[in-house]
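Colleague: Sequence and predicted structure below; questions after.
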Amino acid sequence: MTTEWQYRTHCVELGRLGYRKSEPRSGVAREASQVLGKVFTALRSEGTRPADVARELHLRPADLNDLIFGLVVTAQEGEVQRHGGTDNRTRLSVVR
């Protein structure tokens, strides 16, 4: 058990050492979630996009991405360009 003063002191020290954002100098890779991967795969097969999931959770898509980044592989929304009345996905090219 610690006093309130000791708790505050420990929090300040942990923040100074960088532990409030992440564990510094940890060579441990972030874990991936098999369950989340299966859930997002199933949702994708049903036509549900990550943006739809974010809306259902009352989150911005960027916030959902921040929460699950590195835990599961998800598709990112791309821009659609209109050419001659049809939708064509943006074409990628190598820039040197």
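Modeller: Alright, I've got the coordinates.

Colleague: pLDDT weak spots in this protein?
Modeller: 24-28, 30, 72-90 (pLDDT under 70).

Colleague: for the chain, what spans make up the helices?
Modeller: According to DSSP state H, the chain carries its helices in the segments 4-16, 34-45, 50-56, 61-68.

Colleague: How far off centre is the shortest one?
Modeller: Read that as helix 50-56. 13 Å (CA atoms, centre = their mean, to the nearest Å).

Colleague: Ok, the first one next?
Modeller: Averaging C-alpha coordinates over helix 4-16 and over its chain gives two centres that are 29 Å apart (CA atoms, centre = their mean).

Colleague: quick one on the thing from earlier: would you list the helices of the chain in CSV and tack on mean neighbour count?
Modeller: C-beta here means a position set from N, CA and C on the backbone, and glycine is covered the same way. Below are those laid out as CSV (neighbours: other CB atoms under 10 Å):
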stretch, mean neighbour count
helix 4-16, 10
helix 34-45, 13
helix 50-56, 15
helix 61-68, 14
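
Colleague: Quick one: those helices as CSV, columns for distance to Val95 too.
Modeller: Output for the helices of the chain, formatted as CSV (distance: least, CB to CB, whole Å):
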stretch, distance to Val95
helix 4-16, 41
helix 34-45, 29
helix 50-56, 27
helix 61-68, 24
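
Colleague: what's the closest non-adjacent residue to Ser33?
Modeller: Leu71 (4.6 Å; CB to CB, 6 or more residues apart in numbering).

Colleague: My guess is the one you found contacts Gln34. True?
Modeller: No - applying CB atoms under 8 Å, one finds Leu71 not in contact with Gln34, separated by 9.9 Å.

Colleague: List the contacts of the residue nearest to Ala32 when sequence neighbours are not counted.
Modeller: Using CB to CB, 6+ apart and skipping residues adjacent in sequence, the residue nearest Ala32 is Leu71, 5.9 Å away. Counting by CB atoms under 8 Å, 6 or more residues apart in numbering, Leu71 touches 30-33, 36.
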